[in-house]
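**Student:** Based on what follows, work out the 3D shape:
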Amino acid sequence: MSLVREPLSLSLPDALRRVLDGDPLFERAFLVGGCVRDALLGIAPKDFDLEVYGADYVQLQRALARFGPTDLVGRAFGVVVLTLPDGSRVDFTLPRRDSRVGRGHRGFQVTPDPALDPAEAAARRDFTINALSFDPREAVVLDHHGGLADLRAGVLRHTSAAFTEDPLRVLRALHFVSRFSLRVAPETVQLCRSISDTYGELARERVWAEWHKWARQGVTPSLGLAFLRDCDWLRHFPELAAMVGTEQDEEWHPEGDVWTHTLHCADALARDTAWRAAGDDTRTAWMFAVLLHDCGKPATTSRELRAGRERIVSPGHESAGVPLAQAFLERIGAPHWVAQRVCPLVMQHMTYMQAGTPRAVRRAASRLQPETITGLAAVIRADVAGRPPLPAEPPQGYHDMLRVAAELELRDRAPRPLLLGRHLLDRGWEPGRTLGPVLEEAFEAQLDGAFHDLDGALAWLEKRPRG
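**Tutor:** Predicted coordinates for the structure are as follows:
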């Protein structure tokens, strides 16, 4: 494919511009990777990576050392990290050849080659939209592999046949198509299908890194999930694969099976203003909660006769989903805090149907910890919106739950126990194991509304037998 050159206005930080203008070595330095793609999409680049031709590693390090501290941790890969005066870090790399010599992500031999042709260097990148480079001197994009056309067409396409050497690229496609609302080229889907059996070579931390990006960055997360199914990688995530074909009652779910519903829900959450305004950890937790909220349905769905009509029901799917959600999150290497936030949301996602009273809201807020009613509300909105063509407006129970939670000041926190161990000790209770059950009983009574302040708690304690 012939080289395509196209003008682009891409503003560089002043400190980085001074580096590029300050040494002849950088006359053949090109911006590469995501920063070029993002600039073409109108997204301000956050990170800048440069590839430097015609220099060896020692020359590169010496030239960069004039402009700030350098980090040589990537020596084997031909990488020098420069810290600019504002504290930002920029990767400078030498063009390199990658050779597959073993299994797994460590099974590559990387050889820096300053004389490598730019087109060949770009061919080692995963997708054509990531194989673009930018000449900062002429302010033009250099496209050796058709990335500009693919980006405009909304297509994610592998750059070369070397794509199959690293199975992680399939999961990178999961987050790229979700983040940029792309469709995967049919030939790329087929390549991914051909290496489906290599999933086991991936380290869990790398699997998590791509799922994490999917969860917190997705604009149309359903596209990534649908891609996994198309390329036969969904089978590696059995908690998700089981949703495919699991029927739902048409009256409540005219959109189709549990899988179809889940895809609609994920996209609905990505459109939710509260999710979009939240921090990375919160977006991650809520998106995985939506992904997994109905994972218990395949194990609990059956047909039964109700009022003379056969209905499809899934009783207890909330509780059945909790161990499955835990298993999925462990399978993809998610940190423990993710399951801590996701599982209560899976367990409680139907409680809004009976959570319009102070007692119910107090209990829901307590059981959601460390999540909150606000997080539960986001999951509910996505769940309700994931049933087209039914209206996306949540039912009255949802509004009652939020109203009562606001009145109790429990939308963003859990109830705190009013009666503490020191209160018992002050009233002559003997220290020891017997205090724990009493405090648990007191908290349950508090959640039930037996008292609302410390005076009420102490009055309750006085009436309770010590035996």
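
**Student:** going forward, measure contacts and count neighbours with C-alpha atoms only.
**Tutor:** Fine.

**Student:** Following the chain onward from the lowest-mean-pLDDT helix or strand in the chain, which element is next?
**Tutor:** For the chain, using mean pLDDT, DSSP states H and E, the weakest element among its helices and strands is strand 108-112, scoring a mean of 67. Using DSSP states H and E, the helix or strand that follows strand 108-112 towards the C-terminus is helix 118-123.

**Student:** Which residues does that next one contact?
**Tutor:** By Cα atoms under 8 Å, 6 or more residues apart in numbering, the residues outside helix 118-123 that reach it are 95, 96, 97, 131, 132, 144, 145, 159, 160.

**Student:** Quick check on those: which are buried?
**Tutor:** Burial by neighbour count, judged by 16 or more other Cα atoms under 10 Å, picks out 95, 96, 97, 131, 132, 144, 145, 159, 160 from the contacts of helix 118-123.

**Student:** who's the second one bridged to?
**Tutor:** In this case it means residue 96. Going by DSSP bridges, residue 96 is paired in beta bridges with residue 112.

**Student:** Name all residues that make contact with it.
**Tutor:** By Cα under 8 Å, 6+ apart, the neighbours of residue 96 are 77, 78, 110, 111, 112, 113, 114, 116, 121.

**Student:** Distance of the last one relative to residue 140?
**Tutor:** Right, residue 121. For residue 121, the distance to residue 140 equals 18 Å [Cα to Cα, to the nearest Å].

**Student:** who touches stretch 182-199?
**Tutor:** Contacts made with stretch 182-199 from outside it, assessed by Cα under 8 Å, 6+ apart, are listed as 154-158, 164, 167-168, 170, 176-177, 223, 227, 230-233, 236.

**Student:** And stretch 56-63, by the same measure?
**Tutor:** Counting contacts by Cα under 8 Å, 6+ apart, the residues touching stretch 56-63 from outside are 23, 25, 70, 75, 78, 79, 80, 94, 114.

**Student:** Show me where this structure has its strands.
**Tutor:** When secondary structure is read from DSSP state E, the chain shows strands at 4-7, 29-32, 49-52, 70-74, 79-83, 89-93, 96-100, 108-112, 133-135, 140-143, 155-156, 183-184, 302-306, 309-313.

**Student:** So residue 318 sits against residue 344, correct?
**Tutor:** No - using Cα atoms under 8 Å as the test, residue 318 is too far from residue 344 to be in contact (9.6 Å).

**Student:** Between these two, which contacts overlap?
**Tutor:** Counting by Cα under 8 Å, 6+ apart, no residue touches both residue 318 and residue 344.

**Student:** And residue 62, what's its pLDDT?
**Tutor:** pLDDT, residue 62: 94.

**Student:** next one: residue 102
**Tutor:** 55.

**Student:** Over to residue 141?
**Tutor:** The model reports residue 141 with a pLDDT of 97.

**Student:** now swap in residue 74 and tell me
**Tutor:** Looking at residue 74 specifically, the model assigns a pLDDT of 67.

**Student:** With residue 245 instead?
**Tutor:** pLDDT at residue 245 comes out at 97.

**Student:** Just list the residues touching the closest residue to residue 346 other than its chain neighbours, thanks.
**Tutor:** With Cα to Cα, 6 or more residues apart in numbering as the criterion, residue 346 has its nearest non-adjacent residue at 4.7 Å, and that residue is residue 293. Counting by Cα under 8 Å, 6+ apart, residue 293 touches 318, 321, 345, 346, 347, 349.

**Student:** which stretches of the chain have low pLDDT?
**Tutor:** Of all residues in the chain, those with pLDDT under 70 make up the ranges 1, 74, 99-110, 467.

**Student:** Quickly list the domain ranges of it.
**Tutor:** The chain breaks down into these structural domains: 4-160, 274-415, 421-463 (assignment by automatic domain parsing).

**Student:** between those domains, which gets nearest to residue 261?
**Tutor:** When the domains of the chain are ranked by proximity to residue 261, the top entry is domain 274-415, at 5.5 Å, counting by Cα to Cα.

**Student:** What distance do you get for residue 206 to residue 404?
**Tutor:** Counting by Cα to Cα, the separation of residue 206 from residue 404 is 43 Å.

**Student:** what about those two, which has more around it?
**Tutor:** Neighbours of residue 206 and residue 404, each counted by other Cα atoms under 10 Å, are more numerous for residue 404; the result is 20 against 16.

**Student:** From residue 366, how far out is the more buried one?
**Tutor:** Applying Cα to Cα to residue 404 and residue 366 gives a distance of 14 Å.

**Student:** do residue 453 as well
**Tutor:** When distances are taken as Cα to Cα, residue 453 and residue 366 turn out to be 17 Å apart.

**Student:** ok, back up a step: and the domains of the chain as CSV, adding distance to residue 246?
**Tutor:** What follows is the domains of the chain, written out as CSV (distance: least, Cα to Cα, whole Å):
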stretch, distance to residue 246
domain 4-160, 30
domain 274-415, 6
domain 421-463, 37
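
**Student:** Among those, which comes closest to residue 267?
**Tutor:** Among these, domain 274-415 comes nearest to residue 267, with 8.0 Å by Cα to Cα.

**Student:** tell me how far that closest one is from the chain's mean position?
**Tutor:** Per Cα atoms, centre = their mean, to the nearest Å, the displacement of domain 274-415 from the mean C-alpha position of its chain is 18 Å.

**Student:** what is the residue nearest to residue 50 when sequence neighbours are not counted paired to in the beta sheet?
**Tutor:** Spatial nearest neighbour of residue 50, chain neighbours left out: residue 31 (4.4 Å); criterion: Cα to Cα, 6+ apart. With beta bridges defined as DSSP bridges, residue 31 has these partners: residue 50, residue 134.

**Student:** How about the contacts made by residue 31?
**Tutor:** With contact taken as Cα under 8 Å, 6+ apart, residue 31 is in contact with 48, 49, 50, 51, 133, 134, 135, 136.

**Student:** Tell me how far it lies from residue 145.
**Tutor:** Here the criterion is Cα to Cα. By it, residue 31 lies 16 Å from residue 145.

**Student:** What of residue 205?
**Tutor:** When residue 205 is compared with residue 145 (using Cα to Cα), they lie 30 Å apart.

**Student:** Contacts only, for the spatially most central residue of the chain.
**Tutor:** Nearest to the geometric centre of the chain sits residue 215, at 1.9 Å (Cα atoms, centre = their mean). By Cα under 8 Å, 6+ apart, residue 215 lies in contact with 221, 283, 284, 285, 287, 288.
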